[in-house]
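Asks: Give me the fold of what follows.
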Amino acid sequence: MIQDESIFLYATTREVLEPRAFRAVLGNGHVFTAFLPKGSPLAETEALRAPGATVRVRMTPFDMSKGEIVSTTS
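Replies: A predicted model of the protein is given here:
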């Protein structure tokens, strides 16, 4: 059985690309696209609409160009 290889990191949103897609940057300067999963209650969060929001993302070590937003921090 293959284990789920997820990495959880904190990132800062830089710009809104679509209603559920954001350009984000990690602390080391790596830029990627962060997505909100379909049906996520975070989609209604106004804090994500402004650049500079800190989010927790789930990424895979096989594709560091995108990540799923799992929570926001205040």
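
Asks: can you map out the strands along the chain?
Replies: 7-18, 21-26, 31-35, 54-60, 63-72 (DSSP state E).

Asks: Now the second one: buried residues?
Replies: Right, strand 21-26. By 16 or more other Cβ atoms under 10 Å, the buried positions in strand 21-26 come out as Phe22, Ala24, Leu26. The C-beta positions use only the backbone N, C-alpha and C, and glycine is treated the same way.

Asks: swap in the third one?
Replies: Going by neighbour count (16+ other Cβ under 10 Å), the buried part of strand 31-35 is Phe32, Ala34, Phe35.

Asks: Run me through the strand neighbours of it, direction for each.
Replies: strand 21-26 (antiparallel), strand 63-72 (parallel) (DSSP bridges).

Asks: by how many degrees do that strand and strand 54-60 diverge?
Replies: Relative orientation of strand 31-35 and strand 54-60, computed by axes from the mean of the first three to the mean of the last three Cα atoms, to 10 degrees: 90 degrees.

Asks: and for strand 31-35, what are the contacting residues?
Replies: Residues from elsewhere that reach strand 31-35 (Cβ atoms under 8 Å, 6 or more residues apart in numbering): 11, 13-14, 17, 20-26, 55, 57, 59, 64-69.

Asks: next one: the last one
Replies: Outside of strand 63-72, the residues within contact range by Cβ under 8 Å, 6+ apart are 8-9, 11, 22, 24, 30, 32-37, 40, 42, 45, 47-48, 53-59.

Asks: swap the cut-off to 10 Å and go again
Replies: 6-11, 13, 20-22, 24, 26, 30-37, 40, 42-43, 45, 47-48, 53-60 (Cβ atoms under 10 Å, 6 or more residues apart in numbering).

Asks: ok, now the longest one?
Replies: For strand 7-18, the surrounding residues in contact (Cβ under 10 Å, 6+ apart) are 21-28, 30-36, 47-61, 64, 67, 69-73.
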